[in-house]
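In: the following block contains a protein sequence and its predicted model.
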Amino acid sequence: MRPGYPPPAVVAFGGGHGLYAALSALRYVTPRLTAVVTVADDGGSSGRLREEFDILPPGDLRMALAALCADDELGRTWADVLQSRFGGSGPLAGHAIGNLLIAGLWQWLEDPVAGLDMVGALLRTQGRVLPMAAVPLVIEAEVVGSDPRHPDELALLRGQATVAKTTGDVRAVRLLPSDPPARQESVDSVLAADHVVLGPGSWFTSVIPHLLVPELAEAIVNTRAQRILTMNLVPADETKGFPASRHLEVLADHCPRLRLDVVVVDPSFAADDPPLEKFARSLGARLVVENVRMRDGSPRHDPHRLAAVYAELMQQ
């Protein structure tokens, strides 16, 4: 950040490990962070709590809170506690401690945002975590080849956990309900931001869903903030075989009015993809090709390398 100027207000969209990676980098750039998180998870601990208590799935929200915990011994300990799970074979087996904490506060406060703010205050988080919608969502996908016995047949798959693991070719996704209400706090944060960051993450189940909540999509389209898209390092299961340019194409297919300012991609994912720069320009963006992969070569974003890229982009 430039001397004499306040740190930028940044909103990051996503869920799961992708959003965790973005937040882990952004916290080195600014303390004015807001994570707007998907609420469509229906697997594991989140799915069980969602079904039992009719609440938003807490898992992706928990991971975002863990990413923003204070950077000291107590904060790192709290992050580990949030992420740890009960063992054994009883009713609590597999539940993340953080999920139960969040679910309990929601039951007590009867307001998801108030509960998340309370957890954030307890953990002294660097920033705020908000759900993208006011109700739990279901992801529905049109997929070709999900059944190997009928490779050319179009099927309808339902549920985030199912879509994320499909081996078929995902053609399109939609949300149920089809016109979900956004949380007003999330919309307001986008309109007040200096920069917004979309991705990385599972493209159809963590990145695109933000563009399918009408009020939130409208805010992303109309915000004066710089819009930064962070590409994955390798395709996830649901985008297996997709080059980077195809990721941009499906993003535009799901939100034709979307315009970006910058697309950040690692050289390893940009290689041998001549249409990539053209697709980025078609969305109004310049392509920034920088090393953001972990130095050991594993397909994970290095928070320090990614932070350096974000810091340079946010000084402009």
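Out: Yep, it's here. The model shown is predicted, which means the values in this text are computed figures rather than measured ones.
In: Asp266 against Val289, yeah?
Out: Yes. Contact status for Asp266 versus Val289: in contact at 7.5 Å, counting by Cβ atoms under 8 Å. In short, each C-beta sits where N, CA and C put it, glycine included.
In: the more surrounded of these two?
Out: Set Asp266 next to Val289 and count neighbours by other Cβ atoms under 10 Å: Asp266 wins out with 25 against 17.
In: what residues does the more buried one make contact with?
Out: Asp266 makes contact with 231, 233, 289-293, according to Cβ atoms under 8 Å, 6 or more residues apart in numbering.
In: how about 6 Å then?
Out: Contacts for Asp266 (Cβ atoms under 6 Å, 6 or more residues apart in numbering) come out as 233, 292-293.
In: closest to Ala121 among the residues you listed?
Out: The closest of those to Ala121 turns out to be Val292 (Cβ to Cβ; 31.6 Å).
In: OK, contacts around that closest one?
Out: If you count contacts by Cβ under 6 Å, 6+ apart, Val292 has them with 266, 301, 305-306.
In: quick check: phi and psi at it.
Out: Backbone torsions for Val292, taken as degrees, to the nearest 10, come to phi -120, psi 10.
In: and the gap between it and Leu233?
Out: Val292 sits 8 Å away from Leu233, going by Cβ to Cβ, to the nearest Å.
In: equivalent analysis for Asn291, please.
Out: Taking Cβ to Cβ as the measure, Asn291 falls 11 Å from Leu233.
In: between the two, who's got more neighbours?
Out: Neighbours were counted for Asn291 and for Leu233 using other Cβ under 10 Å; Leu233 has more, 18 against 14.
In: rounded mean pLDDT for stretch 265-278, please.
Out: Over the span of stretch 265-278, the pLDDT mean works out to 94.
In: return it as PDB; C-alpha atoms alone will do.
Out: Taking C-alpha atoms only, stretch 265-278 is exported to PDB below (Å, rounded to 0.1, in the frame of the first residue of the first chain):
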ATOM      1  CA  VAL A 265      -2.500 -16.800 -14.000                       C
ATOM      2  CA  ASP A 266       0.600 -18.900 -13.300                       C
ATOM      3  CA  PRO A 267       2.800 -19.600 -16.300                       C
ATOM      4  CA  SER A 268       2.300 -23.300 -15.900                       C
ATOM      5  CA  PHE A 269      -1.500 -22.900 -16.500                       C
ATOM      6  CA  ALA A 270      -1.100 -20.300 -19.200                       C
ATOM      7  CA  ALA A 271       1.300 -22.400 -21.300                       C
ATOM      8  CA  ASP A 272       0.100 -23.800 -24.600                       C
ATOM      9  CA  ASP A 273      -3.100 -21.800 -24.500                       C
ATOM     10  CA  PRO A 274      -2.900 -19.200 -27.300                       C
ATOM     11  CA  PRO A 275      -6.600 -18.000 -26.900                       C
ATOM     12  CA  LEU A 276      -6.100 -17.100 -23.300                       C
ATOM     13  CA  GLU A 277      -5.100 -13.500 -23.800                       C
ATOM     14  CA  LYS A 278      -7.800 -13.000 -26.400                       C
END
